[in-house]
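1. Here is my input; please provide its structure:
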Amino acid sequence: GFCLLLLAPTLSAAHTTPAAPGVDIALLLDTSNSMDGLINQAKSQLWTIVQEFAAAKKAGCAPTLRVALFEYGNTNLPAREGYIRQVVPLGDDLDALSEALFALQTKGGDEYCGQVIDEAITRLDWTAAADSYRAIFIAGNEPFTQGGVDFHDSCGRAVERSIVVNTIHCG
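-> Numbering: from 1, shown residues only. Now for the predicted structure:
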């Protein structure tokens, strides 16, 4: 049930056609080796979340859904960038998103959750519409305490921008 709660109808003026609600989602997936036995389940769970939002309605209208994808913790990625890569920017091409998500592979082991949350907050062009829903879904299996960016700070910045941070613990 989170979709029903998050996309609850709001009051609108009589005899007006409601605008499609805006939904921006950033998926952040741990692709370190500790996810070897868990990565396929994590990918499937993230894809299920996307499908739930794509099928959701608010006041009878389907949302304008945009989804971005980041991977983190993979040592194939540059250390100077915190082992983080924006795989797909915010966009509405769910076929391309699915292809990119399910193609991700594991390698390495430095998972900087605070930093990848910060990257998603600052790098993406989040919708500014007041009635939109903005969320991050971060999936991994390591503590949030790794790296130089404190997750308390990055989550605080998310709250300031009305971005909900959801965690998915794999394991």
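
2. Low-confidence ranges, this protein, go.
-> For the chain, the stretches with pLDDT under 70 are 1-18.

3. Just the strands from it, written as ranges.
-> Secondary structure of the chain (DSSP state E): strands at 22-30, 64-72, 84-91, 133-140, 163-169.

4. Switch those over to TSV; also include mean neighbour count and distance to Asp36.
-> Where C-beta positions appear, they are placed from N, C-alpha and C, glycine not excepted. As requested, these are exported to TSV (neighbours: other C-beta atoms under 10 Å; distance: least, C-beta to C-beta, whole Å):
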stretch	mean neighbour count	distance to Asp36
strand 22-30	25	11
strand 64-72	23	14
strand 84-91	18	19
strand 133-140	22	13
strand 163-169	16	16
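
5. which one of those strands lies closest to Gln51?
-> When the strands of the chain are compared by C-beta to C-beta, strand 64-72 sits nearest Gln51, at 10.2 Å.

6. Strand partners (parallel or antiparallel) of the closest one?
-> Strand 64-72 has its sheet partners listed here by DSSP bridges as strand 22-30 (parallel), strand 84-91 (antiparallel).

7. quick check: angle from it to strand 133-140?
-> 30 degrees (axes from the mean of the first three to the mean of the last three C-alpha atoms, to 10 degrees).

8. Work out the gap between strand 64-72 and the centre of the chain.
-> Centroid separation for strand 64-72 versus its chain: 5 Å, with C-alpha atoms, centre = their mean, to the nearest Å.

9. now the helices: where do they sit in the chain?
-> Using DSSP state H, the helices found in the chain span residues 2-6, 39-55, 94-103, 113-123, 151-160.

10. by how many degrees do the fourth one and strand 64-72 diverge?
-> Think helix 113-123. Using the same axes, to 10 degrees: helix 113-123 against strand 64-72 is 140 degrees.

11. before we move on, back to that, minimum distance to Gly22: which of the helices of the chain has it?
-> helix 39-55 (11.2 Å).

12. what's near enough to touch the closest residue to Asp92 other than its chain neighbours?
-> The shortest distance from Asp92 to any non-neighbouring residue, by C-beta to C-beta, 6 or more residues apart in numbering, is to Arg66 (5.5 Å). Going by C-beta atoms under 8 Å, 6 or more residues apart in numbering, Arg66 touches 22-25, 90-92, 127.

13. That'll do, ta.
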